[in-house]
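Novice: Predicted coordinates and the sequence they were generated for:
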Amino acid sequence: MPEQTTLSSSEVQDQVTLPLRVAFGICLRGIRTRLGRSAITLFGVGLGIAFLMAVLSGFHIQRAMSAHAALARDADRRVAMLRGEAGALKGRAFLVLARGPSEADAAFLRALAAQGAVLDSGSKPSGCLVLGGSGPEAPMPSGVPIFAFDSQVAEAAKALAAEGQVVKHLGIELRPDEVARAQARERQARYRTAWIAGVALLITVGCIANAMLMSVTERFREIGTMKCLGALSGFVVKLFLIESLLLGLVGAALGCAVGVVVPLAAYSYTFGLVRVFAAASFAMLGLYALLCMAAGVGLAIVAAIYPARVAAKMVPASALASHV
Amino acid sequence: MQPSAAAIQDLLYGMDDASARRTVVSAREVWKVYQMGAVETPALRGVSLDIFAGEYMSIMGPSGSGKSTLFNMIGGLDKPTSGKVFIDEVDIAQLDAFELAWLRCRKIGYIFQTFNLIPVMTCLENVMLPMVFAGLPADDARDKAAGLLRLVGLGERLKHKPPQLSGGQQQRVACARALANDPAIVLADEPTGNLDLKTGEEIIDLLHRLKAERGVTIVSATHDMKMLAVSDRVVWIRDGLCDRIEERKALDIKVGEIR
């Protein structure tokens, strides 16, 4: 009977510390040599991310454009109401009192200026516009009509009216049921967006998982061979980690680019370049792109590492015998 | 410390006493049962055998006899259901993943029926791979791999990729790769199974030459009768049992009878 000998741990250690550089080199060469197959995998990852990104950026552009249009509509309506109360606006001087002016207020003032009204000129104003926020703190000029556009200034305006000032209230008061209906509409739209984005994400998961799973499972024999040649499971997993990271990064980047450019182009074709680019926020699109990149890389890694780990943990005989 | 090739030759041919030979692999009462759904199928039913340093041993048997399973056990590619396998006096059941990888890397060289070269790597890189796993510096590994490829007659094909080579040439690369870390034993599973008659003979000649010139221990699972002529011993496997073990001398007579 042969006597038991043990392997010295320092000898075994020699092999455990296989440098990352070697793994990286093997991976990069593998991707290059297997260019056709890598391109298909890349295409799968890119397609998934492009779809997700297109859905997200499409939503963003659509919402931004409708918000933009609503703003302009609101401003026009306010100008029309002011004209109805105060007469022709061309050359009229107005004093603007605004606390925390909103985007809607800014759009209104732009529209007013476009009509030829003079704002905050320092000369004697022929009217005072009270916008946004709570009650005005600046002293209101006496002897000129006050046009209040915000419901919240109604109380202060009442007090002024009691003092004999002319106060015109031009804001639109929505009835509670109208407010509730608007909120319900908004909520529904949010649910619909979330649902479609969710489905898009699922399709993306399927697309990427399929591409990566295929690219790993068809190489089970290779994994088995590597194990026979003395590779540790960790090394095999590391190889596939690097490979899926690279493929995920490149694929997701390409997918993001396609997923931004296509909706931008499509909306521009329908509504005109100027309207789309005035409405769309590139910070938001960038944020979506980052999210999609993270999703793409994360999914690619998970979908590759799982089968690679399974194959690496198999006894080599089974990995060699598996035909996928 | 491994004895030199010459010492092994002396050991083998200088004395007939089997107990003086060094044992490289020994299997003791090895059982392997595969679970096929609800049915348990025993592939090996208690095989015991010893493989000595520097010999050329063939494991013969029809398909389904369990010879590939035995090959996997001897090579540490699979674990026996019961029984023990010692490789270079180490019980492989006792080894953890690190030690098993170390053993496969340095002590055993594998040659497969389907060659199993890494298709995206050149011949040189394929032969270098086990040395990379063994932690050999890249320059040394490259020199040694080139030397091994010259030894198997592929000195001109270092930069070729396996798909650009014929089956026989691919199997030669696999032989060079099996020798990369100077293993104690080279295991060949049907090395001629995917080759035509002539290239199959060339591979057998190559294995025989490696054994004779370099003192490599070779174990080959096969049902190729051409292997008999170069084998020192033949183990016949039938129905998961070791049917009989024949020495070369007995074989020569039998081969003569057939002719």
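Specialist: Received, thanks.
Novice: Go ahead and flag the most central residue of chain A.
Specialist: When chain A is reduced to its mean C-alpha position, the nearest residue by C-alpha atoms, centre = their mean turns out to be A:Y288, at 2.7 Å.
Novice: which residues touch whatever helix or strand B:K198 lives in?
Specialist: In the assignment (DSSP states H and E), B:K198 maps to helix B:197-214. Applying C-beta atoms under 8 Å, 6 or more residues apart in numbering or on different chains, the external contacts of helix B:197-214 come out as B:5, B:54-56, B:151-153, B:166-168, B:171-172, B:175, B:179, B:186, B:188, B:191-192, B:195, B:216-218, B:220, B:224, B:226-227, B:229-230. For every residue, glycine as well, the C-beta is placed using N, CA and C.
Novice: Just the buried residues of those residues.
Specialist: Among these, the ones that count as buried by 16 or more other C-beta atoms under 10 Å in any protein chain shown are B:5, B:54-56, B:151-152, B:167-168, B:171-172, B:175, B:179, B:186, B:188, B:191-192, B:195, B:216-218, B:220, B:224, B:227, B:230.
Novice: The residues you listed in strands, which ones?
Specialist: Counting by DSSP state E, these place B:56, B:186, B:188, B:218, B:220 in strands.
Novice: My understanding was that the second one contacts B:A178; is that so?
Specialist: Which is B:V186. Yes - taking C-beta atoms under 8 Å as the definition, B:V186 is a contact partner of B:A178 at 4.9 Å.
Novice: Now do the shared contacts for these two.
Specialist: Both B:V186 and B:A178 are in contact with B:109-111, where contact means C-beta under 8 Å, 6+ apart.
Novice: Where does chain A get nearest to chain B, which residue?
Specialist: Going by C-beta to the nearest C-beta, chain B is nearest to A:G230 of chain A, at 2.3 Å.
Novice: ok, now which ones touch that residue?
Specialist: Neighbouring residues of A:G230 by C-beta under 8 Å, 6+ apart: A:15, B:101-102, B:104-106, B:130, B:133-134, B:181.
Novice: can you rerun that using 6 Å?
Specialist: By C-beta atoms under 6 Å, 6 or more residues apart in numbering or on different chains, the contact set of A:G230 is B:101, B:104-105, B:130, B:133.
Novice: That one - nearest residue in space that isn't next to it in sequence?
Specialist: Distance criterion C-beta to C-beta, 6 or more residues apart in numbering or on different chains; nearest residue to A:G230, sequence neighbours excluded, is B:C105 at 2.3 Å.
Novice: related to what we said a few turns ago, got the angle for the helix holding B:K198 vs strand B:185-189?
Specialist: Counting by axes from the mean of the first three to the mean of the last three C-alpha atoms, to 10 degrees, helix B:197-214 points 170 degrees away from the direction of strand B:185-189.
Novice: Now helix B:197-214 - C-alpha only, PDB.
Specialist: Extracted C-alpha coordinates of helix B:197-214, given in PDB (Å, rounded to 0.1, in the frame of the first residue of the first chain):
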ATOM      1  CA  LEU B 197      -5.900   4.200 -39.600                       C
ATOM      2  CA  LYS B 198      -2.600   5.800 -40.700                       C
ATOM      3  CA  THR B 199      -2.700   8.900 -38.500                       C
ATOM      4  CA  GLY B 200      -3.900   6.600 -35.600                       C
ATOM      5  CA  GLU B 201      -0.700   4.500 -36.100                       C
ATOM      6  CA  GLU B 202       1.400   7.700 -36.100                       C
ATOM      7  CA  ILE B 203      -0.100   8.800 -32.800                       C
ATOM      8  CA  ILE B 204       0.500   5.300 -31.300                       C
ATOM      9  CA  ASP B 205       4.100   5.500 -32.600                       C
ATOM     10  CA  LEU B 206       4.500   8.900 -31.000                       C
ATOM     11  CA  LEU B 207       3.200   7.700 -27.700                       C
ATOM     12  CA  HIS B 208       5.500   4.700 -27.800                       C
ATOM     13  CA  ARG B 209       8.500   6.900 -28.700                       C
ATOM     14  CA  LEU B 210       7.700   9.300 -25.800                       C
ATOM     15  CA  LYS B 211       7.600   6.300 -23.500                       C
ATOM     16  CA  ALA B 212      10.800   4.800 -24.800                       C
ATOM     17  CA  GLU B 213      12.800   8.000 -25.100                       C
ATOM     18  CA  ARG B 214      11.500  10.100 -22.200                       C
END
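Novice: from the middle of its chain, how far away would that helix be?
Specialist: 13 Å (C-alpha atoms, centre = their mean, to the nearest Å).
Novice: got the buried residues for it?
Specialist: Quick answer for helix B:197-214 (16+ other C-beta under 10 Å): B:199-204, B:206-208, B:210-211.
Novice: The residue nearest to the centre of chain A: helix or strand, and which one exactly?
Specialist: Counting by DSSP H and E, the element that carries A:Y288 is helix A:282-313.
Novice: Output the contacting helices and strands for that helix.
Specialist: When contacts are defined as 3 or more C-beta pairs under 6 Å, 6 or more residues apart in numbering or on different chains; DSSP states H and E, helix A:282-313 packs onto helix A:35-86, helix A:176-217, helix A:233-271.
Novice: ok so, going back, doesn't the residue of chain A closest to chain B belong to a strand?
Specialist: No - going by DSSP: H, G, I helix; E, B strand; the rest coil, the assignment for A:G230 is coil, not a strand.
Novice: tell me the phi and psi of it?
Specialist: phi 110, psi 20 (degrees, to the nearest 10).
Novice: how near is it to B:Y110?
Specialist: Here A:G230 is placed at a distance of 10 Å from B:Y110 (C-beta to C-beta, to the nearest Å).
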